[in-house]
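Chemist: 3D model of this:
(2 chains)
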Amino acid sequence: MIKTESSHINYYGHQPGSQVENREQKKQITQRAGAARELYFETKSSVSMEFPYWYTRRWEELEGEIPVIRRAEALKSGFSHLTPVIYPGELLAMSKSSYLRGSYPMPWLSEAFFMAAEDKLYKEAQESGKLTADQFTTMGKGGGNVTRSIGNVISIAGKFGLRVEEMPVMIEIAKKWKDRSVDDVGHKYEQLVPGYSEKEALMRSVICMFDSGYTLPQGREVINYYYPLQFGFDGLIRRCRTRMEEVAGYPEMDRLYYYRATMILIEGLQQWIRNHAEEARFMASIETDVPQMKEYEEMAERLDWLASNPPRSFHESLQMIWLLHVAVLNEDAISGLSPGRVGQVLFPFWQRDILKKVITREQTLELLECMRMKFTAIDCFASMGVVGGVLSGNTFNNLCLGGLKKDGTSAANELEMLILEAGISCDTPQPTLSVLYDEKLPEEFLLKGVECTKIGTGYPAWINNQVAMEFLMANYGHEGMNLEEARAWSIGGCLETSPGSWMPLELDGEIHWIPGGSAPATSVGVHFLSLPKILEVTLFDGMDMRSGERIFPAHGYKLDTYDELWNAFRDYFRRACHVLTLTNNIQHDAWRKISPSLVNSMLKPDCLEQGKDIGQMGCRYNATFNIESCGTANLINSLASLKKNVFTDKTYSLNEYREAILANFGYHSAQETGSYSLIDQIPNDGYDRWKKIHRISLDAPKFGNDDPFVDEIMKAWETWFCTMTHDFRSLYNEPMYACQISVSTHGPMGAVTLAGADGRLGGTTFSDGSVSAYPGTDRNGPYALFNSATCWNHATSQNSQLNMKIHPSVVKGREGSRKFLDLIRSYLRKGGFHVQFNIVDSRMLKAAQAEPDKYRSLLVRVAGFTQYWVELGKQIQDEVIARTEYEEV
Amino acid sequence: MSFQSCKDCRYFLPVDVFYGLCKRSKNKITQDDPFCDQAEKIAKCKFCLNYSAERDFLGKCKGTTLAYPDMVAVQCADFGWIEAN
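Modeler: From the prediction side, this is the model:
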């Protein structure tokens, strides 16, 4: 029995019983996938230099070549030289590199961050503010993270292992990209933006966390598998050749190079696939176990076929989409490449196989579990700030279920039921699942989703289909999106609403309209903006008091009234958006020129039709840049506290608040206590002086309680934010939009932010999501929280995010499932965009924090993704523990 | 020639930077375990006649191009075994 104090946990409702409640019983994983999962549990994140070596070597050989051809040849060289690896028992082959959980640096994007710490380049990067977030990020200490160097393995960014034999070549390759990478070229030109120094100050203060142009230039989008599924790779080469001959010598000559580049790339992909077929044959040749030998031979035949042709079966179609997924991930550092509505894309293949008795439901489930293991092993090599501070080691491959068909009827199908079943029996972080909730979805399907969420996987998340469609119509209508096309949408990344299109898959003479992504990355631009930190800087007239650095010029307001404070805050926020939009546009311009997308472009409509890659706006929809926020509830609560205590009741002056904030309300810093949630902080000797102002700040109205005083502030913020973003233009000359997900940034951003007028202490983690209440402050129950969360129109933003933690006993059994579905429905019917749940006894999380080795397989939901507890950094662990646990709904 | 370990064997199936599986025995082995009597070298730059070592873990391919000794060269069209192998 786990014994953990419950006094340091925020509860709503009665206190739980003395024994820690387990989650409901999970279903048994198949033997094959179970073995794969055991292997995964023993595997560390590993980096290799094979791909970057061959990429760079070919790139250098082609000095002077047309850039897009040079890029294609470099990619071809990388793919075709990857050492193929096939693991025993696999039904789906191929991965990013020759390691199970492998990845590799892409110095053509950015070379500085993985240089040795003593290297001059690394120091330069630190000074420019590019690496500041790394210093305030904590990585998980367990699981597959290589947290320290040992023996012949070097730890990079506290997560990745690199063989010592490959370290020198990594440095040498990186140096070849100095002044030539997207990062360096973008940096060179972004400095031409007037007021550029303000941008660097924003990065150093971690008001803004990342440049998206060279860190994760693609992703947060939905892949489109249609073209290879329909035409096969040989068919695509034929299409490119035909188009190339049509455009050769005519104006808009870039089309000629684009088609030629795509053909070169496909040749590389084909070689890569055939190399794996050859390896499968080799494995068969030395195999003594006859069934395993047969599986290797079948795999070889399957891969050989797919290297040229479209798939003939469900198994082949699943193998095809998996290898396409890996192929895209290997062309750029990418997080959030969502497979989208896979159950609907592959349904025609599966239905045909079921009717012909080529496959059974049991075999389907086993394949889907194998697919989960493949997705779970995806890693993305990036700096600690990106991998830990944003991704928490996850890569956000979101598989969506439900929604509507092209004709407006329910799109849920039997294969999707099996995908949910596989998510239950094979509970792993990826792909995470999301239900696109619509009133037309059948009850049986929704209850299956509830069954999956209940066992504590954190997925599926529940997303409002109609709200998303309204957002898409508003933002992409001018590019031709109509209602029918809006129905093809899906979630890209953890929670980014992304446009889709209906593609006519022809199978046995019948057309099946399948959905797929039809836009580039839908979350690039200004990432992320710390709202509490901007308010802090506003209170101190443009100064970051933690570092003593001036961020903005003095705002010129006396701050005698709440309206002045509100105006000053908005002025600073707008200034930040202005300079960051311009500098990011330049970085993305460098990206599309130096490292244009070819694999992803080949898949997205209408790049092949137009002869333009994604960077040249070849996609059907291009209004995809956004401004992303973090710490909403802390901002709102702080504004509410100041409005009440300073400007209305006049209990304290603004100066007294400034002093209390600088004194951290008489507490030790979070860094000193080593804990990042409010409930674990320790007072210092000066506490008595600040006790009263801290108490009154904590008692001020808080968001999440259906309190009009604070909800009006929330509404005013959201209305302004979701409108003002349209004033900024993306690289593609489209208006930008608001994006409101914290991912993991509320950890490191909180770490650099002083105490707030809401009573939050300095260095502690912000509230998660964007409409989640601050931990422990939602005291009026879930329906009051829902009312507060929906006090503004969620369709005006790309997303909103609500995370809730519910004790397992509340949703137990069949009756609990119905109650749970009612709860979800009530939020979505109010117009909420998204809600997700941790079904867990918080005391179990406390126990897991104390003894991580005993909880290797424990999953939790963070903010848009599910992750193994042991792989989360402490900042996020503390925040998840602190979230209000609902004992009653 | 450097010490030969499991990571230099064609029957080594890499899992991560620490360990892998023997393709024949299916046993878990570390990258740095010594060659067994059934081991066979895998094509790597350090076994290639085009490779010349320069300093620790770095060298040249054909005397001009950066290379490193432990890179698997199974897919390299120019790979040729050093005669001694």
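Chemist: C-alpha only now, for contacts and for neighbours.
Modeler: Will do.
Chemist: what separates the residue in the stretch 501-650 of chain A positioned nearest to chain B from A:Pro84, distance-wise?
Modeler: Nearest to chain B in the stretch 501-650 of chain A, going by CA to the nearest CA, is A:Val599, at a distance of 21.4 Å. Distance, A:Val599 to A:Pro84, using CA to CA, to the nearest Å: 19 Å.
Chemist: can you list the residues of chain A near chain B?
Modeler: Proximity of chain A to chain B (CA under 8 Å from any CA of the partner chain) is limited to residues A:43-47, A:50, A:57, A:80-83, A:85, A:87, A:98-102, A:153, A:161-163, A:165-166, A:168-169, A:283, A:286-287.
Chemist: Could you list which of those belong to helices?
Modeler: Among the residues of chain A next to chain B, the members found in helices (DSSP state H) are A:50, A:57, A:80-81, A:168-169, A:283.
Chemist: Would you mind naming the helix or strand containing the closest residue to B:Asn27 other than its chain neighbours?
Modeler: Leaving out its chain neighbours, the residue that sits closest to B:Asn27 by CA to CA, 6 or more residues apart in numbering or on different chains is B:Leu21, at 5.5 Å. Here B:Leu21 sits within strand B:19-22, counting by DSSP states H and E.
Chemist: Outside of that strand itself, list whatever touches it.
Modeler: B:11-15, B:27-31 (CA atoms under 8 Å, 6 or more residues apart in numbering or on different chains).
Chemist: per-residue confidence averaged over the host helix or strand of A:Gln849?
Modeler: If you go by DSSP H and E, A:Gln849 is part of helix A:842-850. Averaging pLDDT along helix A:842-850 yields 89.
Chemist: Repeat that for stretch A:73-85.
Modeler: 98.
Chemist: Kindly report the same for stretch A:204-216.
Modeler: For stretch A:204-216, the mean pLDDT works out to 88.
Chemist: what does chain B have sitting close to chain A?
Modeler: B:13-18, B:23-24, B:57-58, B:65, B:67-68, B:70-76.
Chemist: Next one: the residue nearest to A:Lys44 when sequence neighbours are not counted relative to A:Tyr868, how far apart?
Modeler: Computed as CA to CA, 6+ apart, the closest residue to A:Lys44 that is not its neighbour in sequence is A:Gly144, at 4.2 Å. Distance, A:Gly144 to A:Tyr868, using CA to CA: 10 Å.
Chemist: Ok, A:Met320 next?
Modeler: Distance of A:Met320 to A:Tyr868, given as CA to CA: 28 Å.
Chemist: and what of A:Leu401?
Modeler: For A:Leu401 relative to A:Tyr868 (CA to CA), the value is 23 Å.
Chemist: So if I had to pick from these two, which one is more boxed in?
Modeler: A:Leu401 (30 against 23; other CA atoms under 10 Å in any protein chain shown).
Chemist: Where does the more buried one fall, secondary structure wise?
Modeler: Element membership for A:Leu401 (DSSP H and E) is strand A:398-402.
Chemist: any idea of the mean pLDDT for the helix or strand just after that strand?
Modeler: Sequence order places helix A:414-425 as the next helix or strand after strand A:398-402, per DSSP H and E. Average pLDDT, helix A:414-425: 98.
Chemist: got it, and stretch A:638-651?
Modeler: Mean predicted confidence for stretch A:638-651 is 98.
Chemist: returning to that earlier point: convert the C-alpha atoms of the helix holding A:Gln849 to CSV, please.
Modeler: The C-alpha trace of helix A:842-850 is given here as CSV (Å, rounded to 0.1, in the frame of the first residue of the first chain):
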residue,chain,number,x,y,z
SER,A,842,-2.5,12.3,-6.8
ARG,A,843,-0.9,10.3,-4.0
MET,A,844,0.3,7.8,-6.5
LEU,A,845,2.1,10.6,-8.4
LYS,A,846,3.8,11.7,-5.2
ALA,A,847,4.8,8.1,-4.6
ALA,A,848,6.1,7.8,-8.2
GLN,A,849,8.1,11.0,-7.7
ALA,A,850,9.8,9.5,-4.6
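Chemist: returning to that earlier point: using TSV, please lay out the ones in helices among the residues of chain A next to chain B together with neighbour count.
Modeler: Below are those laid out as TSV (neighbours: other CA atoms under 10 Å in any protein chain shown):
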residue	neighbour count
A:Glu50	23
A:Arg57	19
A:Ser80	23
A:His81	24
A:Pro168	16
A:Val169	21
A:Met283	24
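Chemist: Name the nearest of those relative to A:Asp707.
Modeler: Distance to A:Asp707, by CA to CA, is smallest for A:Glu50 among those, at 57.6 Å.
Chemist: Can you give me every residue that contacts the closest one?
Modeler: Neighbours of A:Glu50 in contact, by CA under 8 Å, 6+ apart: A:78, A:81-82, B:71-72.
Chemist: Export those to a markdown table and append columns for distance to A:Trp591.
Modeler: Output for the contacts of A:Glu50, formatted as a markdown table (distance: CA to CA, whole Å):
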| residue | distance to A:Trp591 |
| --- | --- |
| A:Gly78 | 19 |
| A:His81 | 24 |
| A:Leu82 | 24 |
| B:Met71 | 29 |
| B:Val72 | 30 |
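Chemist: Distance from the helix or strand where A:Trp717 lies to the middle of the chain?
Modeler: Assigned by DSSP H and E, A:Trp717 belongs to helix A:708-724. Computed by CA atoms, centre = their mean, to the nearest Å, the chain-centroid distance of helix A:708-724 equals 26 Å.
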